[in-house]
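Q: pasting a predicted model and its sequence here:
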Amino acid sequence: MARKVINTEKAPSPVGPYNQSILLNGTLFVSGQIAINPATGELIMDSIEAETHQVMKNIGEVLKAADMSYDDIAKCSVFVKDMGMYARINAVYAEYFNEETAPARELVEVANLPKYVNVEISVIAAK
């Protein structure tokens with residue numbers, strides 16, 4: 001079993017005992033990403049759209065570090081603080097995927113998220 005830790009300085013550093021991602025036998029498991037700007041360490045929460053874009057950018061950087069792209073994502077797990085933001089989050093999310101090849105996904109409302117953000121997304125990707 002080939003297991004490799006994949007971390008990049010171009011995505012936020014883990015804030016606990018975990019890694020940004022693990023590559024296991026060709027499948028990349030990316031930890032939940034929130035809207036932290038990795039250059040400044042600041043949260044991007046000007047709007048739900050800006051927050052979601054930063055989350056997706058962070059995911060993209062982890063994918064790049066593993067020599068993958070959004071096209072390699074097979075599954076997304078999206079956690080939101082308020083289901084009332086669904087349409088706005090979904091509009092930004094849709095910019096990163098081709099409708100015909102979009103990954104499987106669930107989007108669930110939760111009571112709270114790390115650092116009290118509005119959205120967190122984790123993905124599973126494979127070549």
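A: In hand now; what should we look at?
Q: and the closest residue to Cys76 other than its chain neighbours, how many residues sit next to it?
A: Distances taken as CB to CB, 6 or more residues apart in numbering put Arg105 closest to Cys76, at 4.3 Å, once the chain neighbours are dropped. C-beta coordinates here come from the backbone N, C-alpha and C atoms, glycine included. By other CB atoms under 10 Å, the residues close to Arg105 number 15.
Q: what's near enough to touch Arg105?
A: When contacts are counted by CB atoms under 8 Å, 6 or more residues apart in numbering, Arg105 touches 75-78.
Q: quick one, what contacts the residue nearest to Glu51 when sequence neighbours are not counted?
A: Of all residues not flanking Glu51 in the chain, Ala35 sits nearest, at 4.2 Å (CB to CB, 6+ apart). Going by CB under 8 Å, 6+ apart, Ala35 touches 43-45, 50-52, 54-55, 58, 117, 119.
Q: picking that back up, Gly26: which of the contacts of Arg105 is nearest?
A: Ranked by distance to Gly26 (CB to CB), those are led by Lys75 at 14.6 Å.
Q: which ones among the contacts of Ala35 lie within strands?
A: Among these, the residues falling in strands (DSSP state E) are Val119.
Q: pick out the most distant pair among the contacts of Ala35.
A: Of all pairs in the contacts of Ala35, the most separated under CB to CB is Met45 and Asn58 at 13.9 Å.
Q: so for these two, which sits in the more crowded spot?
A: Asn58 (25 against 16).
Q: I'd say the more buried one and Pro38 touch.
A: Yes: applying CB atoms under 8 Å, one finds Asn58 in contact with Pro38, separated by 7.0 Å.
Q: so what sits against both of those two?
A: 11-12.
Q: pull the distance from the longest helix seen in the chain to the chain's centre.
A: In the chain, with assignment by DSSP state H, the single longest helix is helix 48-65. Its chain's C-alpha centre and that of helix 48-65 lie 6 Å apart, by CA atoms, centre = their mean, to the nearest Å.
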